[in-house]
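1. Dropping the sequence and predicted coords here.
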Amino acid sequence: MADAVPLTERVLTSIQLGESHFREFKSALEGPSNTKRQRDKREIAKDICSTLVAFANADGGELIVGVEDNGDITGFLISDDELVHYLLSCYKDGVHKRTPLANVRAVRLSLERKDVLYFSTQKSTTTLHQTADGRCLQRRDLETVPISVEEIQFTRGERISREYDREFIDGPQADVLDLSMVRALADQVSRGMSVEKCLQYLDLADFSQGGLKLRRAAFLLFAKEPSNWHPRLQIRILKVTGTEVKTGHEYNIKDEYIYGNVISLIEKAWDRLRPHLVQTRLSGAGRFESRVMYPELACREALINAIAHRDYSQEGRGVEIYVFDDRMEVKSPGALLSSLSIEDLKRLEGAHQSRNSLVARVLREMGYMREVGEGMRRMFELMQSNELAAPEIVSTPEAFTVALRNRPIYKPEHQLWLEEFAPLSLNREQKGIIVLGYGNRLISPNDIWNSLGLQDTEHYRQLISSLQKLNVLVTEVPKPLAQRQARSKRLNVRDVPRFRIQVPTRHATAAERVRGVRGKTALRASAVVEKSRIRPSELDHFESAARVFLANIPATADRAGLLAFLSAQGFPGDVYLPTQSGWSKGYAFVQLDTEQTAKDAIEELNGREFQGHRLVARRAFPRMNS
C-alpha cells in the first residue's frame, strides 16, 4: 500500500504530460459519447499485449488502460475482480511463448474514483518479442508499428545506424550539454522557450519514470566534452600534393584534425577547409594569381551532408576530406542506405532517406540544411552553374564519397568553339545551346529541353529569343515545315531539328558607333545575302502587290541580319533597308515572289520580335512621283 501512493501520483503526472514515445493510453470504452459501452475484454487484452511488445522492442514504456487519447480518465463501466485479473495477466498468454516478456509491472489503480490498469515494461536487449499470433511490433514515437523479424535480422547493422541518434542514454542529465548552444537554439525556435522544452520539442529528450532522459543525438549535437560520448566526433583534412596518395619516402600528405560536437564541428571544419579551395599559381604574365577551384557553397554542402548523414554507429571512424590538386573528396563512414541508390541521387529529384533524423532536424532548424535530399541536388546545380563537371558519388560498404573535380564541363573543342562567342557574355544555358550546334549540327527543340533540363515553356522561349536577338541562333526549318516533317515521319514536332548556330557578326554595336569604333566584319555572307542590293531608283520597278513594308526596325540592324531573320520565318526575299550615317532609318521594304506570299508575310511578321523590337508589317504602297 505504501507503493500505491507514489505510483498514483506518477500516473497522474504521466496523464498530464500526454502520450509519448514512452507512454500510451487505451480506452476501455467504445461508441458515441452519449451512449458509451464497454469494449470486449479480448480486444482490450489484444491492445495490451501489442503495446507491451512494441515497448519492449523499443525503449520500454508504460501503458494506462481506462484513459482516452486526450487524457480524460474514463475507466471501466463494469470492473469486477475477474475482469481485472484477466486483463492484468493477459500478457502471459498474449505474447508468443518463445519470446515472453520479463519485468512487466501490472497494477490496478483508482483515479478520480474510476478503475484504471497500469502496465510498464523495460527495454529488451536480448529478445525480439512477438505477440501470440506472430506479430512483431515496435514503438516509434507516438505509434506502434509492425516490423518484420526477417527484415530486422537482415538489416540489423543498418537499423542500428538509423536508430543510433534516437537511442535514449541512461544516467546523464542536461548539464553535460553546452546549454548556451541549446538556449540559442531555443530562442531561435521560440523566444523565451526553456532548455528542457526545446529539447523535448526537437525530440532530443523526453520525460520518463525517472525524469528527463536524453537521446544520443543531444550529446552528438551539444555535448561539452564530445569525446565522452563518441570517440570520433572529428573531421580529418588531408592535403595531398599531386593527384594521388603516395607512400614511403614519397608520402605526400599533410593532415590536420578538427574536434568538437556536431554544431561546432561544422564551423571549425569549414574555417580550416575554406583556404584549400583557392589555389595560387604563376600566371603566363609572370604574376602569382589566386583562383577558386570549386564553388564554395558546393563544398560547404558536401561537408554538412557528410556530418549530418554519416554512420555514427561506426564509432572507430570519422569524416575524411582529401584535397588533391585536381579534386576534393569527402568521405563519410557508412554506405548509402539500402533504400536509396546512386541512380536515385543522380536523378536530382530530391530522393532521400535520413539516417540521423534527429541530427538532421536540428541542423534544419538552425539553418545549416534545407530539406533532406536538397543538399545533393544543390551540389550538382552549383557545379553545373560554374561550368564544372558534375559531382562523382560512390558508395562502398565502408564509406560514402562525394568527389568535386576542378574540370570544365566542356570538351576542349567545345571551349574553342565558345571562344568565338565570348564578346556576347553568354550565360550557362545559352552556352549549352551553342555547344549543341557545334560542327554545324541542326538542333531540335527537344535537344535544348533535354540538355538543359528545362521545365518551363516560357523559360525555353526566352532562351530562344535571347539568342535570336544576338543573331547567333537561326531557324533553318520554319515551324510549319517542321510540323509537316513530323507528321510524315510520325515524330513529335519537338524532335525535328530546326535551329542552327552561326558565329556572330563582328560589326560595331551602337555604343561602339558612338565612340567611333568599328570592328572588322567576319560574316560569311549566305547566298541570300549575296543578292544584289536594291537601289532607291530601282524600287519603282518592284511588283508593289508582292512588296511588304516593315517598320520599327532597330537602328543597329543591318541588311544581312534582316535577310537571315526573314529566311528563318519562311519568307526569303530581297530587302531594301535605307540607312543614314551607318544607322538603319527604322524601316525596310521586302520584295517577295507572289502577292499571296506577301499577304502571308504581313500576317506572320506583324508583331513578331526582331532584335528586341516588335515589327509593324503592312502592304507597301507604290512610290509617288515627285
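-> Noted; the coordinates are in hand.
2. from here on, contacts and neighbour counts on C-alpha atoms
-> Noted.
3. List phi and psi for residue 590.
-> Backbone geometry at residue 590, expressed as degrees, to the nearest 10, gives phi -120, psi 120.
4. Show me the helices in the stretch 1-150 of the chain, by range?
-> 4-17, 41-56, 81-88, 90-94, 149-154 (DSSP state H, counting those that start in this stretch).
5. Highest mean neighbour count out of those helices?
-> Each of the helices of the stretch 1-150 of the chain was scored by mean neighbour count; the highest is helix 41-56, a mean of 22, by mean count of other C-alpha atoms under 10 Å.
6. what angle do that helix and helix 81-88 make?
-> Between helix 41-56 and helix 81-88, the angle formed by their directions is 30 degrees, by axes from the mean of the first three to the mean of the last three C-alpha atoms, to 10 degrees.
7. which other helices and strands contact helix 41-56?
-> With contacts defined as 3 or more C-alpha pairs under 8 Å, 6 or more residues apart in numbering; DSSP states H and E, the packing partners of helix 41-56 are strand 61-65, helix 81-88, helix 90-94, strand 114-121, strand 137-140, strand 143-146.
8. closest one to residue 163 among the ones you listed?
-> Between residue 163 and the helices and strands packed on helix 41-56, the shortest gap by C-alpha to C-alpha is with strand 137-140, which sits at 10.5 Å.
9. re earlier: looking at the helices and strands packed on helix 41-56, spot the one closest to residue 315.
-> Counting by C-alpha to C-alpha, residue 315 lies closest to strand 137-140 out of the helices and strands packed on helix 41-56; the figure is 24.4 Å.
10. picking that back up, JSON lines please, covering the helices of the stretch 1-150 of the chain and showing mean pLDDT and distance to residue 620.
-> What follows is the helices of the stretch 1-150 of the chain, written out as JSON lines (pLDDT from 0 to 100; distance: least, C-alpha to C-alpha, whole Å):
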{"stretch": "helix 4-17", "mean pLDDT": "82", "distance to residue 620": "86"}
{"stretch": "helix 41-56", "mean pLDDT": "96", "distance to residue 620": "87"}
{"stretch": "helix 81-88", "mean pLDDT": "95", "distance to residue 620": "100"}
{"stretch": "helix 90-94", "mean pLDDT": "95", "distance to residue 620": "96"}
{"stretch": "helix 149-154", "mean pLDDT": "54", "distance to residue 620": "81"}
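11. could I get these as a markdown table with distance to residue 222?
-> What follows is the helices of the stretch 1-150 of the chain, written out as a markdown table (distance: least, C-alpha to C-alpha, whole Å):
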| stretch | distance to residue 222 |
| --- | --- |
| helix 4-17 | 25 |
| helix 41-56 | 28 |
| helix 81-88 | 42 |
| helix 90-94 | 40 |
| helix 149-154 | 30 |
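12. and after the one helix or strand residue 413 maps to, which helix or strand comes next?
-> Element membership of residue 413 [criterion: DSSP states H and E] is helix 412-419. Beyond helix 412-419 on the C-terminal side, the first helix or strand identified by DSSP H and E is helix 428-436.
13. what's that next one in contact with?
-> For helix 428-436, the surrounding residues in contact (C-alpha atoms under 8 Å, 6 or more residues apart in numbering) are 385, 387, 414, 417-418, 443, 447-448, 451-452, 463, 467, 501.
14. Could you do stretch 342-362 as well?
-> Contacts for stretch 342-362 (C-alpha under 8 Å, 6+ apart): 161-166, 202-204, 217, 220-221, 308-311, 337, 339-340, 369, 372-374, 376-377, 393-395.
15. could you give the angle of the helix holding residue 413 to helix 428-436?
-> Direction vectors for helix 412-419 and helix 428-436, defined by the same axes, to 10 degrees, enclose an angle of 120 degrees.
16. in helix 412-419, what counts as buried?
-> Within helix 412-419, the residues that count as buried by 16 or more other C-alpha atoms under 10 Å are 414, 417-418.
17. now, which of these sits nearest residue 490?
-> The nearest member of the buried residues of helix 412-419 to residue 490, counting by C-alpha to C-alpha, is residue 414 at 32.5 Å.
18. Hmm, the closest one is touching residue 438, no?
-> Yes - taking contact to mean C-alpha atoms under 8 Å, the distance of 7.2 Å between residue 414 and residue 438 places them in contact.
19. phi, psi of residue 202?
-> With angles defined as degrees, to the nearest 10, residue 202 sits at phi -90, psi 10.
20. where does the chain dip in pLDDT?
-> Within the chain, the ranges that satisfy pLDDT under 70 run 1-5, 125, 149-157, 280-291, 348-353, 371-373, 505-544, 622-626.
21. Report the central residue of it.
-> Per C-alpha atoms, centre = their mean, the C-alpha nearest to the average position across the chain is that of residue 374, at 2.1 Å.
22. any idea how far residue 456 is from it?
-> When distances are taken as C-alpha to C-alpha, to the nearest Å, residue 374 and residue 456 turn out to be 20 Å apart.
23. again with residue 265
-> Between residue 265 and residue 456 the distance, using C-alpha to C-alpha, works out to 40 Å.
24. same check, this time on residue 579
-> The separation that residue 579 has from residue 456, given C-alpha to C-alpha, amounts to 40 Å.
25. Likewise for residue 204?
-> Using C-alpha to C-alpha, one gets 42 Å for the distance from residue 204 to residue 456.
26. the more surrounded of these two?
-> residue 204 (25 against 9; other C-alpha atoms under 10 Å).
27. quick one: that one and residue 217 touch, right?
-> Yes - using C-alpha under 8 Å, residue 204 is in contact with residue 217, at 6.4 Å.
28. between the two, what contacts are shared?
-> Counting by C-alpha under 8 Å, 6+ apart, the contacts common to residue 204 and residue 217 are 166, 358.
29. for the helices of the stretch 1-150 of the chain, which one sits closest to residue 475?
-> In terms of C-alpha to C-alpha, the element of those nearest to residue 475 is helix 149-154, at 58.5 Å.
30. helix or strand right after that closest one?
-> Following the chain from helix 149-154 toward its C-terminal end, the next helix or strand by DSSP H and E is helix 156-163.
31. What strands line up against the helix or strand that comes right after that following helix, and which way round?
-> With elements assigned by DSSP H and E, the helix or strand that comes after helix 156-163 is strand 168-169. Using DSSP bridges, the neighbouring strands of strand 168-169 in the sheet come out as strand 211-215 (antiparallel).
32. what's the next helix or strand along the chain from the strand it pairs with in contact with?
-> From strand 211-215 onward toward the C-terminus, using DSSP H and E, the following helix or strand is helix 216-222. In this structure, residues lying in contact with helix 216-222 by C-alpha under 8 Å, 6+ apart are 164-169, 177-179, 181-182, 199, 204-205, 226, 229-230, 233, 261-263, 358-359.
33. Of those, just the buried ones, PyMOL syntax please.
-> Selection command for PyMOL covering only the buried members of these, criterion 16+ other C-alpha under 10 Å:
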select buried, resi 164+165+166+167+168+177+178+181+182+199+204+205+226+230+233+261+262+263+358+359
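34. Sitting in helices, which of the contacts of helix 216-222 do you find?
-> Of those, the ones assigned to helices by DSSP state H are 179, 181-182, 199, 262-263, 358-359.
35. Tell me who's in contact with residue 225.
-> By C-alpha under 8 Å, 6+ apart, residue 225 lies in contact with 176, 260-261.
36. and of those, the nearest to residue 325?
-> Checking the contacts of residue 225 one by one against residue 325 (C-alpha to C-alpha), the nearest turns out to be residue 260, at 27.9 Å.
37. ok, the closest one - how many residues close by?
-> Number of residues near residue 260 (other C-alpha under 10 Å) recorded here: 23.
38. That one and residue 225, how far apart?
-> 8 Å.
39. now swap in residue 472 and tell me
-> As for residue 472, its distance to residue 225 is 62 Å (criterion: C-alpha to C-alpha).
40. Next, the contact list for the residue nearest to residue 48 when sequence neighbours are not counted, please.
-> Nearest-residue entry for residue 48: residue 91, 7.1 Å, with adjacent residues in sequence omitted and distances by C-alpha to C-alpha, 6 or more residues apart in numbering. Under the criterion of C-alpha under 8 Å, 6+ apart, the contact partners of residue 91 comprise 45, 48-49, 52, 101.
41. No further questions, thank you.
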